[in-house]
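Asks: with the input below, show me the fold.
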Amino acid sequence: MRRLIMALAALAAVLVTAPPAHARAGFWAVTELDPLPATLRPGVSYTVGYWVLQHGTHPYDDYGALGPTGLLLTGEDGTTLSFGGTPLPDPAHYATTITVPAGRWRVQGVQGKFAPYEVGTLTVPGTLKPAPPQYAMQAGSEITDYWGRVKPPGFPWKAATVIPARAPFATPPGSSSEQGSGQAAEQAGLAPPTPQAARSMRPDGAAAADDGGSPPWREPYALVVVALAAVAGTLLVQRAARAARAAGRREPVDPPEREAREGEEVIGLG
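Replies: Numbering: from 1, shown residues only. Below you'll find the predicted structure:
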């Protein structure tokens, strides 16, 4: 029993420290910004376009179910500003309006079901310094073009052949999926894309989780809970089995002989 408990405890420790399953399986995306002005001034509103590309080259396979997207800025003092994005007609293309105070800001792309992406460091007044790529981009011999005249930066990513996509990926503006995305963005703590979109969040930089169910990064913790429940169930079953065996080994005890009362004759059989 002790060995079983130690083995399950070791398994739980491995599951907690292991990288998320979706990252090991290639479930990742990148956020690329459209060209920014040469200089961003403090307190001035700017409309910023950005792309959320799965594997850096294509829209999310299940377009419309990606979840809230946006830009998350973190200052040197820990202050965070969040700006929710609005889907544009182009597949995987979004826009938001930002207003940023003076200072240096870490810029991350909020990517719905995907983990946040490090975009770079924004200096205000000044411009954006892109962060090194988080994932190795492998240029393939073929690439699919899901877009029309407006394409993501860097397309076709050094591909030798471009194949046009047959099925449209874009969602028309004002559709139910766009409205649902806006509602999910509000519930996820992302500010709506308006000139007053900047808002301060908790100093620790924590953002509220989206309501799209349990995200993939919680899968290892669910396995830990299942493992602990299995241990508890095993202990209860073994305790019940021991109790049943102990009850079977007990010998029947004869009841004490009845003592004769005064004036009463006790007749014994046999």
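Asks: which intervals of this structure have sub-threshold pLDDT?
Replies: 1-26, 63-64, 138-140, 166-189, 191-228, 230-231, 247-270 (pLDDT under 70).
Asks: what's the span of stretch 130-150, first residue to last?
Replies: End-to-end distance for stretch 130-150, by Cα to Cα, to the nearest Å: 22 Å.
Asks: and if you look at stretch 37-53?
Replies: Terminal-residue distance, stretch 37-53 (Cα to Cα): 23 Å.
Asks: report the buried residues of it.
Replies: Within stretch 37-53, the residues that count as buried by 16 or more other Cβ atoms under 10 Å are 40, 48-53. Heads up, the C-betas are built off the backbone N, CA and C, glycines and all.
Asks: secondary structure for those residues - can I get that in a markdown table?
Replies: Formatted as a markdown table, the buried residues of stretch 37-53 follow (DSSP: H, G, I helix; E, B strand; the rest coil):
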| residue | secondary structure |
| --- | --- |
| 40 | strand |
| 48 | strand |
| 49 | strand |
| 50 | strand |
| 51 | strand |
| 52 | strand |
| 53 | strand |
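Asks: quick check: the farthest pair among those residues?
Replies: 40 and 53 (23.6 Å; Cβ to Cβ).
Asks: using CSV, lay out the buried residues of stretch 37-53 together with distance to residue 90.
Replies: Output for these, formatted as CSV (distance: Cβ to Cβ, whole Å):
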residue, distance to residue 90
40, 24
48, 15
49, 9
50, 11
51, 8
52, 12
53, 12
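Asks: go through these and name the one nearest residue 116.
Replies: residue 52 (11.0 Å).
Asks: so the closest one is in contact with residue 68, correct?
Replies: No - counting by Cβ atoms under 8 Å, residue 52 does not reach residue 68; the two are 10.7 Å apart.
Asks: between those two, what contacts are shared?
Replies: Shared contacts of residue 52 and residue 68, defined by Cβ atoms under 8 Å, 6 or more residues apart in numbering, are found at residue 112.
Asks: mind listing what residue 162 touches?
Replies: 142-145, 156.
Asks: CSV for those residues, including neighbour count?
Replies: CSV is the format used below for these (neighbours: other Cβ atoms under 10 Å):
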residue, neighbour count
142, 10
143, 18
144, 16
145, 14
156, 18
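Asks: and of those, the nearest to residue 127?
Replies: Distance to residue 127, by Cβ to Cβ, is smallest for residue 156 among these, at 26.2 Å.
Asks: distance check, the closest one against residue 92.
Replies: 15 Å (Cβ to Cβ, to the nearest Å).
Asks: again with residue 134
Replies: 17 Å.
Asks: between the two, which one's more packed in?
Replies: residue 92 (24 against 11; other Cβ atoms under 10 Å).
Asks: and that one, what does it touch?
Replies: Applying Cβ under 8 Å, 6+ apart, we find residue 92 in contact with 51-53, 58-60, 63, 146, 152, 169.
Asks: same check, this time on residue 109
Replies: 30-31, 50, 52, 69-72, 116-117, 119.
Asks: one more: residue 131?
Replies: 118-121.
Asks: for these, which ChimeraX command selects only the ones that are buried?
Replies: Only the buried entries of these go into this ChimeraX selection, using 16+ other Cβ under 10 Å:
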select :118,119
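Asks: turn the contacts of residue 131 into TSV, including distance to residue 236 and secondary structure.
Replies: Converted to TSV, those look like this (distance: Cβ to Cβ, whole Å; DSSP: H, G, I helix; E, B strand; the rest coil):
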residue	distance to residue 236	secondary structure
118	47	strand
119	51	strand
120	54	strand
121	55	strand
